[in-house]
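1. below are the sequence and a predicted model for it; my questions follow.
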Amino acid sequence: MTGVNSISWLIGGPQGSGVDSAANIFAKTCAKEGFHIFGKREFYSNIKGEHSYFTIRISDKPVNSHLEEINVLVSFDAETVFRHADKVSAGGMIIYDSSLAETVLEEVPTIDFEASNRIRKLLQDSGQSMNLNGMLEFAKSRGCMVYGLPYFEMLETIAQKMNDPKLSKISRVVNVMAISASISLLGIKKNMLINSIQEVFGSKPKLLASNIEAAEYAYSYIGTKYDTKNIKYKMTPKDALKDYLLLSGSQAAAIGKIVAGCRFQTYYPITPASDESEFLESNQIIDQVDGKSGSIVVVQTEDEIAAITMAIGASLTGVRTATATSGPGFSLMAEALGWAGMNEVPLVVTMYQRAGPSTGLPTRHEQSDLLFAINAGHGEFPKIVLASGDIEESFYDAIKAFNFAEIFQLPVIHLLDKAISSSIQTCKRFSNDLKIERGEFKNTIGRNQSEGAAGHFQRFKLDDSPISTRVPIGTENAIFWNTGDEHTEEGHISEDPENRNKMMDKRMKKLDLALEKINQDDMAICHDFDSDGKNVVVSWGSTKGAILEALEKLSEEGNKMKFVQIRLLHPFPTETVKKFLKDAKLVIDVEMNYTSQLGSLVQQNTGREIDYKIVKYNGRPMSTTELYIALKAILSGNNERRIVLDGGT
Amino acid sequence: MAELKLADYKTTVHNDWCPGCGDFGILNAIQMALSEMQIPRHKAVIFSGIGCSGKTPHFINVSGIHTLHGRVLPFAQGAKIANPDLEIIAVGGDGDGLGIGAGHFVGAGRKNVDIPYLIFNNAVYGLTKGQASPTLRLGEKTKSLVTPNTSNSVNPIALALVSGFTFIARSYSYDVKHLKDTIKRAITHKGLAFVDVLQPCPTYDDIHTREWYQGINKQETGKSMPRIYKIEETGYDGTIKDESEINEKMTKILEFSSEWGDRIPIGIFYQNELIPSYHERIAENNKEYFAKPPSHQEISDNENKPIAKIDKILDKLQIKD
Ligand SMILES: Cc1ncc(C[n+]2csc(CCOP(=O)(O)OP(=O)(O)O)c2C)c(N)n1
Ligand code: SF4
Ligand SMILES: [Mg+2]
């Protein structure tokens, strides 16, 4: 049989059982074989025991989204099979623990009531028994192949081979056995797997030995126990990916911060934002091109109010500064954001959205903080809100965020989300051939350059430009004040109405200046599949991957569409968006929230009505599959103006 | 450099505090301390919270950062961590630091960043017209209160101690010399220094008035009996020279902290420089921190290209065949 060039693979298991590390090894292995990777992590707000899973797509083309359908399901517990087996495609494969075949649905305590009801109904309707066997029979009836592995017996054999009778010690390798079996079935070379295991466990010789033993054994077990000739999903190796990285969005953003020159970051722990700060702290000593080294100070604060105010205090000393948080923390930061706006302090807030409101679905995905980010803080003050569409953009945008913050002297909110931060992807190695633009920042001030009284510095000088010279506190000849009160050019409190107008004008004009100065591609991109596509999808952030792929599929079928990805959300790039929507027949807004927040922005700013809204708010990222189906329904004359997607487990 | 005079530390900004407000004494004491220590004006930065007390930096002729209600400590700590060469002084009200900002008070104690922090303790929310502050005692009824205070008071000295402040003192706004000397000690202290400044608010606090502190209405023997006494004059020395002294001192400090009413102790209760400052803790993992703190770092070359080299990080993430 000829190979396929794209598959969707899933591994599941209890939280804390090594699902993530197994998925990472699998992803590395496939990437070494020349495949592009997109991996999506799903987990409960729990440390041990609840069901977590990792979906990985491997493809010979770059991929940036997941599919509803699974081709290979890898498990070592019953719950994973119960929860996911119905999504496995015809010809797809299921790897399971053969000793669990009799496990009854009701006996799996972590399957919640709602999910259990859904599975029971499915088994009932298809006339299957209420246990794992029933689920497997159901899958087989749909054309799936199932591969039972007696993990426990296999572990015993491995223990004997290693002369290490303590089974409990090596039981952690079950995850590697499971992925190794899948790699064997997919026809991927074993040495790539072994290399990946070496990369991951290289520094821990004991773990390395048992994992390699386990991988070897499971790999050959499949070959000896099963006839693998007629497998539909065989992967044909590709040329190696040259200069490609495999990384997560939070890593990409963190590396962007290092390149940008961010040397002070604060945070209060919160999912999914803390990963970034932890990565920065692990890389706190920074290599430099001049052979010297630099460093970033990462401070864990007592709360998010302290995180943002500490960051602002640091920024006043001239250092590029950021804080990273998620919705609940961002809510606490609103007041201080206004102080930064009022005092024209450059600051980057990296905001990793997750499903709200309140604690919401703390480990799940949503894009529901757009309007909040734009409107955060009382009163009116300028800020920039920028959203990245994928992992690679997260890196480059992190750098742009600092440039914007300094050029326009204001807070910049860099919107990311759970789908970006905890997904992994193969990306072209990042370039640091970029510019650091610090605007009107100066480190020294001449004796006579201070125009205020007695060596005072006019930090908020009123002249033709809304941007004044900025110096760090502590600069000689430059004494100045900051205050959250309305203030004079020197920064003293003033309630004078005329001064008030001038200062408001000065600050708010930065928004016009931003629209003048920011590159069009940083405002909005029209992914123009075909210039005569008349129907336009508008969206922002991490839906990009699913949209691009769904549109590509539609285009192959002769339904050409454009995709306007809005990257600068505030100030809103009205002219650019208007231009892109000028000839649109249908405008379809796609977002991961309930109220179509971008849709309202588009409508409010451009006057163009949104014809269709596709939304999703069940906490699971949008898949290409469901989006494709929704778009197709619209194109074929569906008269529902708002489609709610509900895919995901 | 020419010597800086006291007048050099004063601005011409109109001071709108009520006549007779205790804040004037504190302002004078800060200016005197800066001038006696000859701290270069550009090196000193006064951070403040919101309240009557929050206006202080505008009257001092060094840079001033008037922040948000309750947030002065994190603002000030951020600046000091990013640039330890600055001489940062944090000031704020009792509502600011012990009410809305109490979480930061405790958080700052745990970090021990090298800054002095003065609380203008007037038992009321001055700027919002005299509501009860966290230091007003249960059952007390100051002028603006409709009913006697229904919340209990916090004990700032004890709170500072258990939070980890490494310098804890109290002074009185009308004893400017004592206050000035205490502020100087707080500035030179290595670590986080707390000064609880008893500050009468003649407008809203009709209980803890200047006369009350002086004991003028307490004339059993015919002359006034000051409530305030100096602990140094009792032979007490709050400096920790060896860790073995800590437990005993702590007990003593808690005793001092609960004295109130007829006898109110002022002075330096505690100074412990054996505990590493936050800066020293950073420097354990980041050897060049003091030479190159965040604010001193270069981030781009003369063509504005980033100076950071990320090859090692990327190599780890790169797909190897
Ligand atoms: C977040 C917030 N809440 C409330 C206020 C209103 N406010 C201004 S000053 C103040 C209290 C000030 O009392 P204190 O901190 O004791 O300072 P004092 O005026 O007594 O010096 C309050 C509540 C505010 N500015 N910000
Ligand atoms: S209200 Fe009280 S604290 Fe405020 S300025 Fe007047 S006297 Fe001073
Ligand atoms: Mg007060």
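-> Happy to help now that I have it. Ligands and ions are numbered 1, 2, ... in the order given.
2. pretty sure B:Arg157 contacts B:Ile253?
-> Careful, residue B:157 is Ile and not Arg. Yes. Using Cβ atoms under 8 Å, B:Ile157 makes contact with B:Ile253 at a distance of 6.7 Å. Placement of C-beta: from N, CA and C, glycine included.
3. between these two, which contacts overlap?
-> Common contact partners of B:Ile157 and B:Ile253 (Cβ atoms under 8 Å, 6 or more residues apart in numbering or on different chains): B:168, B:269.
4. element containing the closest residue to A:Ala336 other than its chain neighbours, please.
-> Excluding the flanking residues, the one nearest A:Ala336 by Cβ to Cβ, 6 or more residues apart in numbering or on different chains is A:Ile308, at 4.4 Å. Secondary structure assignment for A:Ile308, by DSSP states H and E: helix A:304-315.
5. return the distance of that helix from the chain's centre.
-> Helix A:304-315 has its C-alpha centroid displaced from the chain centroid by 24 Å (Cα atoms, centre = their mean, to the nearest Å).
6. next, the angle from whichever helix or strand comes after that helix to helix A:304-315.
-> Using DSSP H and E, the helix or strand that follows helix A:304-315 in sequence is strand A:320-325. Orientation of strand A:320-325 against helix A:304-315 (axes from the mean of the first three to the mean of the last three Cα atoms, to 10 degrees) gives an angle of 170 degrees.
7. in chain B, which spans are helices?
-> For chain B, the helices defined by DSSP state H occupy B:23-36, B:72-82, B:94-95, B:102-111, B:156-163, B:176-188, B:210-214, B:246-258, B:278-285, B:311-317.
8. which one of those helices lies nearest to A:Gly91?
-> helix B:311-317 (33.7 Å; Cβ to Cβ).
9. rounded mean pLDDT for that closest one, please.
-> In this model, helix B:311-317 carries a mean pLDDT of 97.
10. of all residues in the stretch 101-250 of chain B, which one is closest to chain A?
-> B:Gly107 (3.1 Å; Cβ to the nearest Cβ).
11. any idea how far the nearest residue to that residue once chain neighbours are set aside lies from B:Asn83?
-> Nearest non-adjacent residue to B:Gly107, counting by Cβ to Cβ, 6+ apart: A:Glu302, 3.1 Å away. Look at A:Glu302 and B:Asn83: by Cβ to Cβ, to the nearest Å, they are 21 Å apart.
12. domains in the chain, as residue ranges please.
-> Because you didn't say which chain, this covers chain A. Per automatic domain parsing, the structural domains of chain A span A:6-225, A:247-428, A:453-517, A:523-645.
13. if you could check chain B rather than the one you did, that'd help
-> Chain B breaks down by automatic domain parsing into domains covering B:6-281, B:285-317.
14. is the first one in proximity to ligand 2?
-> Yes. Remark: domain B:6-281 sits within contact range of ligand 2 at B:17-18, B:21, B:23, B:52, B:122, B:126, B:201-204, by Cβ under 6 Å from any ligand atom.
15. closest to B:His296 among those?
-> B:Asp23 (35.1 Å).
16. helix or strand: which one has the closest residue to A:Thr363 other than its chain neighbours?
-> For A:Thr363, ignoring the flanking residues on the chain, the nearest one in space by Cβ to Cβ, 6+ apart is A:Ser45 at 4.8 Å. A:Ser45 belongs to no helix or strand when assigned by DSSP H and E.
17. ok, A:Ser45 - contacts?
-> Counting by Cβ under 8 Å, 6+ apart, A:Ser45 has contacts A:271, A:361-363.
18. out of those residues, which is nearest to ligand 1?
-> A:Pro362 (26.4 Å; Cβ to the nearest ligand atom).
19. confirm for me that the closest one is in contact with A:Gly327.
-> No. Contact between A:Pro362 and A:Gly327 fails when scored by Cβ under 8 Å: they sit 9.3 Å apart.
20. name the residues contacting each of the two.
-> Common neighbours of A:Pro362 and A:Gly327 (Cβ under 8 Å, 6+ apart) are A:Arg354.
21. of those two, give the one with the bigger neighbour count.
-> A:Gly327 (24 against 19; other Cβ atoms under 10 Å in any protein chain shown).
22. what's the burial count for the residue nearest to that one when sequence neighbours are not counted?
-> Counting by Cβ to Cβ, 6+ apart, A:Gly356 is the residue found nearest to A:Gly327 once chain neighbours are left out, at 4.8 Å. A count of nearby residues for A:Gly356, using other Cβ under 10 Å, gives 20.
23. any weak-confidence spans in the stretch 1-150 of chain A?
-> A:1-3 (pLDDT under 70).
24. in it, which spans are helices?
-> Under the criterion DSSP state H, counting those that start in this stretch, helices of the stretch 1-150 of chain A are mapped to A:19-32, A:78-84, A:113-125, A:132-141.
25. list the helices and strands the second one packs on?
-> If contacts are counted by 3 or more Cβ pairs under 8 Å, 6 or more residues apart in numbering or on different chains; DSSP states H and E, helix A:78-84 sits against strand A:6-14, strand A:51-59, strand A:70-74, strand A:88-97, helix A:113-125, helix A:132-141.
26. would you map the strands across the stretch 301-450 of chain A?
-> A:320-325, A:347-353, A:384-387, A:411-417, A:424-428 (DSSP state E, counting those that start in this stretch).
27. closest to A:Cys30 out of these?
-> strand A:424-428 (9.3 Å).
28. quick one, that closest one and strand A:51-59 angle?
-> 30 degrees.
29. for the following helix or strand past strand A:424-428, which strands pair with it and how are they oriented?
-> Scanning forward in sequence from strand A:424-428 by DSSP H and E, the next helix or strand is strand A:481-483. Strand A:481-483 pairs in its sheet with strand B:63-66 (parallel), by DSSP bridges.
30. give me the contact list for the partner strand.
-> Contacts of strand B:63-66 (Cβ under 8 Å, 6+ apart): A:313, A:316, A:473-474, A:478-485, A:491, A:493, B:42, B:44-48, B:50, B:54-58, B:75-76, B:79.
31. over to stretch A:633-649?
-> A:42, A:53, A:68, A:83-84, A:87, A:535, A:554, A:559, A:586, A:588, A:596, A:611-623, A:625-627, A:630.
32. lowest-confidence helix or strand of the chain?
-> Since you didn't name a chain, this refers to chain A. helix A:167-170 (a mean of 72; mean pLDDT, DSSP states H and E).
33. actually, chain B is the one I wanted.
-> helix B:210-214 (a mean of 94).
34. now find how far off-centre that helix is within its chain.
-> On Cα atoms, centre = their mean, the centre of helix B:210-214 falls 23 Å from the chain's centre.
35. and it, what's buried?
-> Neighbour-count burial for helix B:210-214, with 16 or more other Cβ atoms under 10 Å in any protein chain shown as criterion, is recorded at B:213-214.
36. please report how far A:Glu406 lies from A:Ile286.
-> 19 Å.
37. what number of residues lie near the nearest residue to A:Glu69 once chain neighbours are set aside?
-> Distances taken as Cβ to Cβ, 6+ apart place A:Ser89 nearest to A:Glu69, at 4.9 Å, with adjacent residues excluded. By other Cβ under 10 Å, the residues close to A:Ser89 number 20.
38. what of the one 10 residues further on?
-> Here the neighbour count serves as a burial measure; for A:Ser99 (other Cβ under 10 Å) it reads 13.
39. please consider this matter closed, and thank you.
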